[in-house]
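Peer 1: no sequence on this one, just coordinates:
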């Protein structure tokens with residue numbers, strides 16, 4: 001059965017525009033909640049052998065120490081994460097000592113899981129490098145696809161394949177950013193370097209899936225040069241549909257296991273990958289290819 005994907009291209013355009021607008025509105029209204037990787041400061045994660053104390057009680061102890069700008073987040077029944085301004089080693093040990101004195105019992109002992117400190121200069125450098133890494137990756141994608149598709153410069157120039165692939169993955173990245181802006185506002189979910197890694201992974205997956213479709217379109221163009229371009233694109237989509245579905249499912253299933261069975265520290269990372277890769281499978285079929293047909297129509301009218 002040949003599914004008429006391109007016939008309903010206007011519907012896919014409308015859905016895509018709605019997703020982009022909603023994601024952009026969420027991102028610009030709320031922004032991302034940056035973790036200490038990007039803001040600088042200290043992070044202390046501790047666990048209790050039985051039940052952790054209430055967050056407000058721990059906050060009161062830290063207020064007594066003069067740590068007013070502190071965020072405490074409970075993690076399950078046993079752990080909590082403390083984010084605060086830069087702590088020296090003496091301050092770090094003082095915080096641990098005070099929490100032990102107030103809440104530790106012989107039956108409910110405290111254990112330090114991790115302690116991380118990042119200076120403001122390093123965090124600013126990390127933010128800058130994160131932005132540049134995403135920009136350079138996108139420029140590299142356009143350059144690579146312009147070269148890879150150089151033999152099919154008609155009816156659409158080869159570099160435009162790369163440009164449309166970038167537009168499609170920007171849809172995926174924006175969706176992830178929009179969702180995490182909402183999560184940051186209403187659930188306190190923070191983003192750090194692992195979030196940037198997730199975004200770069202989403203970009204790679206989205207473009208790879210798009211290249212699979214585009215490569216089949218390229219082969220069809222080389223062997224059926226007289227065919228209608230929209231029909232050629234639609235045939236390429238149908239020929240690669242099952243491969244895209246199978247590839248996506250084999251990626252999403254392990255990510256679902258990672259999200260539900262992995263530790264709380266990787267939930268955000270796994271969620272970003274789940275959203276981005278599901279969106280990447282959608283965009284390679286319903287965004288990248290219809291946009292290619294739209295570009296070809298504009299060229300003919302021009």
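Peer 2: Sure thing, it's come through. Keep in mind that what you see is a predicted model, and the values were worked out from it rather than measured.

Peer 1: CA atoms for contacts and neighbours, from now on please.
Peer 2: OK.

Peer 1: Give me the phi and psi for the residue of the chain positioned farthest from its centre.
Peer 2: Within the chain, residue 106 marks the point farthest from the mean C-alpha position, 42.8 Å out by CA atoms, centre = their mean. The phi/psi pair for residue 106 (degrees, to the nearest 10) reads phi -60, psi -30.

Peer 1: tell me the strands in this protein, going along the chain?
Peer 2: For the chain, the strands defined by DSSP state E occupy 41-48, 71-75, 79-84, 110-118.

Peer 1: Next, the buried residues of the longest one.
Peer 2: So that's strand 110-118. 110, 117, 118 (16 or more other CA atoms under 10 Å).

Peer 1: And for the third one?
Peer 2: By neighbour count, with 16+ other CA under 10 Å as the criterion, the buried positions of strand 79-84 are 79, 80, 81, 82, 83, 84.

Peer 1: Let me see the domain layout of this structure.
Peer 2: Annotated domains of the chain cover 6-36+122-301, 41-118 [automatic domain parsing].

Peer 1: Endpoint to endpoint, the longest one covers what distance?
Peer 2: Distance between the boundary residues of domain 6-36+122-301 (CA to CA, to the nearest Å) amounts to 18 Å.

Peer 1: which residues touch the closest residue to residue 271 other than its chain neighbours?
Peer 2: Excluding the flanking residues, the one nearest residue 271 by CA to CA, 6 or more residues apart in numbering is residue 259, at 6.6 Å. Counting by CA atoms under 8 Å, 6 or more residues apart in numbering, residue 259 touches 266, 267, 270, 271.

Peer 1: Which pair of these spans the longest distance?
Peer 2: Checked with CA to CA, the contacts of residue 259 reach their widest spread between 266 and 271, with 8.5 Å between them.

Peer 1: Wait, residue 209 touches residue 243, no?
Peer 2: No - with contact defined as CA atoms under 8 Å, residue 209 does not count as touching residue 243 (9.3 Å).

Peer 1: Looking at these two, which is more packed in?
Peer 2: A side-by-side neighbour count of residue 209 and residue 243, using other CA atoms under 10 Å, places residue 209 first with 24 against 14.

Peer 1: Return the distance of that one relative to residue 280.
Peer 2: Per CA to CA, residue 209 is found 7 Å from residue 280.

Peer 1: now do residue 66
Peer 2: To residue 280, residue 66 is 47 Å away according to CA to CA.

Peer 1: State the pLDDT value of residue 144.
Peer 2: The model reports residue 144 with a pLDDT of 82.

Peer 1: Just give me the neighbour total for the residue lying closest to it once chain neighbours are set aside.
Peer 2: Sequence neighbours aside, residue 162 is the residue nearest to residue 144 in space, at 7.6 Å (criterion: CA to CA, 6+ apart). For residue 162, the tally of surrounding residues (other CA under 10 Å) stands at 28.

Peer 1: Cool, thanks, signing off.
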